[in-house]
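Trainee: got a predicted structure plus its sequence, pasted below:
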Amino acid sequence: MLLSLIIFVPLLGALGILLFVETDESARKTAFGVSLADLFLTLLLLARFDTSTSQMQFVKQAPWIPSFGIQYYIGVDGISVLMIFLTALLSAVAILSSWTAITDRVKEYTLALLVLQTGILGVFAALDFFLFYVFWEVMLIPMVLLIGIWGSEGKRTILGRWEMESRIYAALKFFLYTLAGSLLMLVAIISLYFTHQKITGGELTFDILRLIQSAHRYNPDFQFWVFLAFFLAFAIKVPLFPFHTWLPDAHVEAPTAGSVILAGVLLKMGAYGFLRICLPLLPQATKQFAPLIITLAVIAIIYGALVAMVQPDLKKLIAYSSVSHMGFVMLGLFAFTQQGIEGAILQMFNHGTITGALFLIVGLIYERTHTRLIADFGGLSKSLPVYAAFFGIFTFASLGLPGLGGFIGEFLILVGTFRVKPTVAVLAAVGVILSAAYMLWMFQRVMLGEITHPRNRELIDLNLREMATLVPLLILVFWVGIYPNTFLQFLHASVGHLIHQLGVSSEAHQMIQTAFK
């Protein structure tokens, strides 16, 4: 019951706003109250979670369309429970951050955020493929609306001929990429459904855990093609190089809250798909694809960092940094080691808090100056000391300073990867150096030195509401950096069970090593 409440409280709140709320202020207060209630429920979930077992907890299972084997089936383990908490936290932060930034169609805006929250929470809790797919699609439309309606103003020329609003272009690009991935995932799900029916003599089920139990019965060729379909769907969402081109446009054009949710939790849905579905369900194909995915991950780490270094726009710089950081996540997942996978999941959580905070910080300065160009700033620490302090801490966290959240995840990923292929770990470590270069250079140009534009002398520092959006993320950054075991303890049993399901052996690691020779 508790997990169902967590998923559907935002949807019920959206329905209440639609039917009973008239004014913009009431819509904001109601949406924020609903998000706080949902956050409180997720804290109860964390408090009651048993970290000693890998079994699904808070399970709710009921027939939905029994003639087709479709169920309402939800539950969480150590992998998904942290993502659910992160989603609830960032949703509350996103609504609070929009208080003065969004003044047009506020009621519809809050509806989109709350429906989006339900879709994301459902993805992380669903244990039935049909339900998983429904929640995956529920997420799509609100995000497209957030970008297309409340995104940035501006025009762009398409193919040198047609002029289109930049936000509409970004929304359509996001929609088409995600839809293409969704259709491929649907084909894979249907293939699994009928193949399972054939090999079991007639059993119809979309039960993910039941299908995983039959993983050893799927032949290698079938696994290859099904994995390829899932890979494309999830790689687009991560996004993994070279499927990342929708991300910078979506981030730049989205409103601040949209960027926070997009970077904080939507990207994690792709990595979560690999964790929940590909690794345990298609173990042979997973090992077969691992060298390719590791190669793409290393390319993403270095490419994302190099492209971020030359960006003139703050938002686009952080967007490309996400490509690099999510490359680390994929590298950790496909190292097939306890440290690597735990580091990847922790880095998913860290990236959500750190990059979400950085997008909030960019949004705050954009509200004051209506520009995101690095060249329009300089010396802001003199007029905005509190803002500069927050900006500095999250910048250092992003580049992986020890004692802050970004360090421990990348460290575990590199340790786990080094056990399998030291050369790959060394190449990935170059990304850490590049991250320090582009983040520190950006911070220097924006915050340090003399004030280069007179109007920046009159800027007003953060108010209490704005600080309230950043403080919870700041606490988590220090908490993970200083005592990560609070979060890692949720992962030990579930990751150990996942590695057992994958059947990782020295032979699998040898396969990865051989592929890189």
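Mentor: Happy to help now that I have it. Numbering: from 1, shown residues only.
Trainee: what ranges in the stretch 401-517 of the chain fall below the confidence cut-off?
Mentor: The model of the stretch 401-517 of the chain has pLDDT under 70 over residues 504-517.
Trainee: what are the buried residues along the top strand by length along the chain?
Mentor: Across the chain, the longest stretch assigned as strand under DSSP state E is strand 57-65. Going by neighbour count (16 or more other C-beta atoms under 10 Å), the buried part of strand 57-65 is Q57, F58, K60, W64. For glycine as for every other residue, the C-beta is placed from the backbone atoms N, C-alpha and C.
Trainee: contacts for the very next helix or strand once past it?
Mentor: Where DSSP states H and E defines the elements, the next helix or strand beyond strand 57-65 is strand 70-76. With contacts defined as C-beta atoms under 8 Å, 6 or more residues apart in numbering, strand 70-76 is touched by 3-4, 7, 45, 49, 56-64, 84, 122, 124-128, 130-131, 206-207.
Trainee: on that earlier part again, what sits up against the longest strand of the chain?
Mentor: 1-4, 45, 48-50, 70-77, 127-128, 130-131.
Trainee: of those, grab the buried ones for PyMOL.
Mentor: Buried subset of those, written as a PyMOL selection, criterion 16+ other C-beta under 10 Å:
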select buried, resi 3+45+49+70+71+72+73+74+75+76+77+127+128+130+131
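Trainee: now stretch 450-464: buried residues?
Mentor: Along stretch 450-464, the positions that meet the burial threshold by neighbour count (16+ other C-beta under 10 Å) are I451, N456, L459, L462.
Trainee: same deal with stretch 128-146?
Mentor: Buried residues in stretch 128-146 (16+ other C-beta under 10 Å): 128-140, 142-146.
Trainee: just these: which are in helices?
Mentor: 129-140, 142-146 (DSSP state H).
Trainee: Q347 contacts G327, correct?
Mentor: No - between Q347 and G327 there is no contact under C-beta atoms under 8 Å: 10.3 Å.
Trainee: can you list the weak-confidence ranges in the chain?
Mentor: 154-164, 504-517.
Trainee: longest helix in it, please.
Mentor: The chain, longest helix under DSSP H: helix 166-200.
Trainee: list the helices and strands that one packs on?
Mentor: The contact analysis (3 or more C-beta pairs under 8 Å, 6 or more residues apart in numbering; DSSP states H and E) places helix 166-200 against helix 129-150, strand 155-158, helix 208-213, helix 220-237, helix 246-253.
Trainee: T100 is nearest to which of these?
Mentor: helix 129-150 (13.5 Å; C-beta to C-beta).
Trainee: quick check, nearest of the buried residues of stretch 450-464 to G332?
Mentor: Looking across these and measuring by C-beta to C-beta, the closest to G332 is L462, at 34.3 Å.
Trainee: from F443, how far off is that closest one?
Mentor: L462 sits at a distance of 17 Å from F443 (criterion: C-beta to C-beta, to the nearest Å).
Trainee: what's near enough to touch F418?
Mentor: A425.
Trainee: now the helices and strands packed on helix 166-200 as a markdown table including distance to F396?
Mentor: Output for the helices and strands packed on helix 166-200, formatted as a markdown table (distance: least, C-beta to C-beta, whole Å):
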| stretch | distance to F396 |
| --- | --- |
| helix 129-150 | 30 |
| strand 155-158 | 34 |
| helix 208-213 | 39 |
| helix 220-237 | 28 |
| helix 246-253 | 21 |
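Trainee: looking at these, spot the one closest to L172.
Mentor: helix 129-150 (7.8 Å).
Trainee: which secondary structure elements does the closest one contact?
Mentor: Partner elements for helix 129-150 (3+ C-beta pairs under 8 Å, 6+ apart): strand 57-65, strand 70-76, helix 106-125, helix 166-200, helix 208-213, helix 256-261.
Trainee: let's see that with 6 Å instead.
Mentor: Helix 129-150 sits against helix 106-125, helix 166-200, with contacts defined as 3 or more C-beta pairs under 6 Å, 6 or more residues apart in numbering; DSSP states H and E.
Trainee: name the SS class of L427, please.
Mentor: Following DSSP: H, G, I helix; E, B strand; the rest coil, the label given to L427 is helix.
Trainee: and the closest residue to it other than its chain neighbours, what element?
Mentor: Once flanking residues are discounted, L427 sits nearest to V298: 5.2 Å by C-beta to C-beta, 6 or more residues apart in numbering. For V298, the enclosing helix or strand under DSSP H and E is helix 283-309.
Trainee: that helix: which residues count as buried?
Mentor: 283-291, 293-309.
Trainee: before we move on, what about stretch 5-24?
Mentor: I6, I7, V9, P10, L11, G13, A14, I17, V21, D24.
Trainee: next up, the contacts around the fifth one.
Mentor: Contacts were defined as C-beta atoms under 6 Å, 6 or more residues apart in numbering; by that measure L11 touches T118.
Trainee: how about a cut-off of 8 Å?
Mentor: The neighbourhood of L11, defined by C-beta under 8 Å, 6+ apart, consists of L114, V115, T118.
Trainee: do the same with the second one
Mentor: With contact set as C-beta under 8 Å, 6+ apart, I7 has these partners: I74, T118, L121, G122, A125.
Trainee: the first one bridge partners, please.
Mentor: Pointing back at I74 there. On the basis of DSSP bridges, I74 is bridged to K60, A126.
Trainee: number the chain from 483, please
Mentor: Taking 483 as the first residue, the last one we looked at is I556.
Trainee: just to revisit the earlier point, tilt between the longest helix of the chain and strand 552-558?
Mentor: Computed by axes from the mean of the first three to the mean of the last three C-alpha atoms, to 10 degrees, the angle separating helix 648-682 from strand 552-558 equals 110 degrees.
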